[in-house]
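Colleague: Prediction below, plus the sequence it came from.
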Protein chains: 2
Amino acid sequence: MTDIAKAVGISRQALYLHFPTRAELLIATTRHIDSIKDVDARLADSRAATSGRARLASFISAWGSYIPEIHGLSVALRSMCDNDAEAAAAWDGRMQAVRHGCVAAVGALAADKMLRADLNEDMATDLLWTLLSVENWEHLVRDCGWSQAEYEGQITRLSEAALLVKN
Amino acid sequence: MTDIAKAVGISRQALYLHFPTRAELLIATTRHIDSIKDVDARLADSRAATSGRARLASFISAWGSYIPEIHGLSVALRSMCDNDAEAAAAWDGRMQAVRHGCVAAVGALAADKMLRADLNEDMATDLLWTLLSVENWEHLVRDCGWSQAEYEGQITRLSEAALLVKN
DNA sequence: TGTCAACTTTACATCGTGTCAAGTGATTGA
DNA sequence: TCAATCACTTGACACGATGTAAAGTTGACA
């Protein structure tokens, strides 16, 4: 809080006049970033897709390219989740939003009869959701040094391998 | 530290006589768990495997079933990584050990000419390492409510889909 | 009997979050 | 024009956690 106040050019106490807690500041920041980066527009392509497979690819691309934009914030928010129920709820809410996208993509695949027979929609959604986690992005891009393009390419391939009927 | 001391039945200060910092206590605990759970024995199957594919499956099973045993500790250790370089190094060391297992499994696949042509061994290792992350286990088992068997089954299938040449 | 090791109690420094109170200065509305 | 109000300031403090320091207790062992 001290650092943020310093960066903004006000006193630490003044920060508390705007945001009652550190968690609320971070949550407000996520809302602000969302409105600036216009998540809805990014997902428009995905919703407009005609085939299930196109919808999946488009959703992965939209979310995958959004991750780097929110990554710093996500680190801060996640590190608070242990001690702060409000922060945990905020993070969980964001992840549930991603899950809804996964549900939609999996539903579109199922409608196309493209979903593997040995997966129900719930498990397929869980798998896709897991593959698309921020942690996996961090691991591949930050820790392993992959480019964003490599990440998106491999995760798309892997998601298709995970969910689609053979051939 | 207060809670641990209370649980052990000694004073908080006495804890500091044994472990200079909280991080060192956690690190010592990982060493202790390793020696008790005998990681080497768990990996023996994997090292004895004759085919690359068997080695992969066996490694996934060994590590995948080890994750729940160290999960609580891994949460504690990871939550310190932000502030504590020593804890970060300890966690990284553990994960590098897992990576070595991935390298060996990928190498065995490559030796069998079973590795996809569009993956070099490094990227294949990165992918497998990512799939086998503790975070993915947490996500599927803890957050999505999967059983350990479902986790191991799907991760094995997914790893094969990710790495193996198409049939 | 004396020494040493393990442990105890007590006290304190530091850091971060969050609270509280009193004061300042500029805008605004009657 | 005067007073209220708003946004901010400074300064102090409580709390919890980690870690340090010092002096005292207890029991084993030589």
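Modeller: It's in.

Colleague: tell me what the host helix or strand of A:His71 is packed against?
Modeller: Element membership for A:His71, per DSSP states H and E: helix A:52-80. Contact partners of helix A:52-80 among helices and strands, from 3 or more Cβ pairs under 8 Å, 6 or more residues apart in numbering or on different chains; DSSP states H and E: helix A:22-37, helix A:39-48, helix A:85-111, helix A:134-137, helix A:148-163. No exception for glycine: its C-beta is placed from N, CA and C like everyone else's.

Colleague: most tightly surrounded among these?
Modeller: Of all these, helix A:134-137 carries the top mean neighbour count, a mean of 21, counting by mean count of other Cβ atoms under 10 Å in any protein chain shown.

Colleague: and it, what does it pack onto?
Modeller: Here helix A:134-137 touches helix A:52-80, helix B:134-137, going by 3+ Cβ pairs under 8 Å, 6+ apart.

Colleague: Out of the helices and strands packed on helix A:52-80, which gets the lowest mean score?
Modeller: Looking at the helices and strands packed on helix A:52-80, the lowest mean pLDDT belongs to helix A:39-48 (a mean of 86).

Colleague: Next to chain B, which bits of chain A? Give me the list.
Modeller: With Cβ under 8 Å from any Cβ of the partner chain as the criterion, chain A comes near chain B at residues A:79, A:82, A:123, A:126-127, A:129-130, A:133, A:135-136, A:139-140, A:144, A:146, A:150, A:154, A:157-158, A:161-162.

Colleague: Which residues of chain A lie near DNA strand D?
Modeller: Listed as neighbours of DNA strand D in chain A under the rule Cβ under 7 Å from any atom of the strand: A:9-14, A:17-18.

Colleague: If we use 10 Å, what do you get?
Modeller: Contacts of chain A with DNA strand D, taken as Cβ under 10 Å from any atom of the strand, map to A:5-6, A:8-18, A:83.

Colleague: Same list (those) but as CSV, adding pLDDT, secondary structure and neighbour count.
Modeller: Shown next, in CSV, are the residues of chain A next to DNA strand D (pLDDT from 0 to 100; DSSP: H, G, I helix; E, B strand; the rest coil; neighbours: other Cβ atoms under 10 Å in any protein chain shown):
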residue, pLDDT, secondary structure, neighbour count
A:Ala5, 95, helix, 15
A:Lys6, 94, helix, 11
A:Val8, 93, helix, 11
A:Gly9, 94, coil, 7
A:Ile10, 95, coil, 13
A:Ser11, 95, coil, 12
A:Arg12, 96, helix, 12
A:Gln13, 96, helix, 9
A:Ala14, 96, helix, 11
A:Leu15, 96, helix, 17
A:Tyr16, 96, helix, 15
A:Leu17, 95, helix, 9
A:His18, 95, helix, 11
A:Asn83, 83, coil, 10
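
Colleague: Sounds good, over and out.
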